[in-house]
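In: next comes the sequence, and after it the predicted model I'd like to discuss.
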Amino acid sequence: EAVKDKDISLAGIQPDQTQAKFYNMNLQPADAILLASDLSKASVSASLTCCNVLRNNFDISAAKSLMEAVKDKDLSLAGIQPDQTEANFSNANLEFYLEPPDAILLASDLSKVGVSAP
């Protein structure tokens, strides 16, 4: 609440940053709350197109809060690049299996034309 209306990033995202990599960083549900706060602020995430947050220790609620934060933005939570035409999430290409919260993050990406269609 203290930074809700301020142009302050809690996760270290810079205003001109186009990508953020939080993949497999052992982030917890509380970290997702801070990250969702950043992603919901236009002043913090305006130029961000890709924020990979897969393979963390998020629960379903944390994944849904991130999805809600970017619902009106063409911002990928699963690491899909804007010009990417294919994405392979098979186990052969991942260090670990995807968990149910990852499926929510991926669904967020796939539901957006600006993310899932080049």
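Out: Received the coordinates, thanks.
In: ok, residue 64 to residue 48 distance?
Out: 19 Å (C-beta to C-beta, to the nearest Å). C-beta: built from backbone N, CA, C; applies to glycine.
In: those two: who's more crowded?
Out: residue 48 (22 against 17; other C-beta atoms under 10 Å).
In: could you double-check that that one lies in contact with residue 75?
Out: Yes - between residue 48 and residue 75 there is a contact at 5.8 Å, judged by C-beta atoms under 8 Å.
In: what's the overlap in contacts for these two?
Out: Counting by C-beta atoms under 8 Å, 6 or more residues apart in numbering, the contacts common to residue 48 and residue 75 are residue 39.
In: tell me the secondary structure at residue 106.
Out: helix (DSSP: H, G, I helix; E, B strand; the rest coil).
In: which residues touch it?
Out: 54, 77-78, 89, 98.
In: same check, this time on residue 77
Out: 51-54, 66-67, 70, 105-106, 108-109.
In: tell me the buried residues in stretch 60-79?
Out: By neighbour count on 16 or more other C-beta atoms under 10 Å, the buried set for stretch 60-79 is 62-67, 69-70, 73, 75-79.
In: hmm, back to that, and the contacts of residue 77, which is closest to residue 40?
Out: Nearest to residue 40 out of these is residue 70 (C-beta to C-beta; 7.7 Å).
In: phi and psi next, for that closest one.
Out: Phi and psi for residue 70, reported as degrees, to the nearest 10, are phi -110, psi 10.
In: and the pLDDT at it?
Out: Reading off the confidence values, residue 70 has pLDDT 95.
In: what does residue 21 give?
Out: 94.
In: name the nearest residue to it, sequence neighbours excluded.
Out: residue 52 (5.3 Å; C-beta to C-beta, 6 or more residues apart in numbering).
In: so what's the one you found up against?
Out: Residue 52 sits in contact with 19-23, 76-79, where contact means C-beta under 8 Å, 6+ apart.
In: cool, residue 20 as well?
Out: By C-beta under 8 Å, 6+ apart, the neighbours of residue 20 are 11, 13, 48, 50-52.
In: just give me the closest of these to residue 34.
Out: Relative to residue 34, and with distances defined as C-beta to C-beta, the nearest of the contacts of residue 20 is residue 11, at 5.7 Å.
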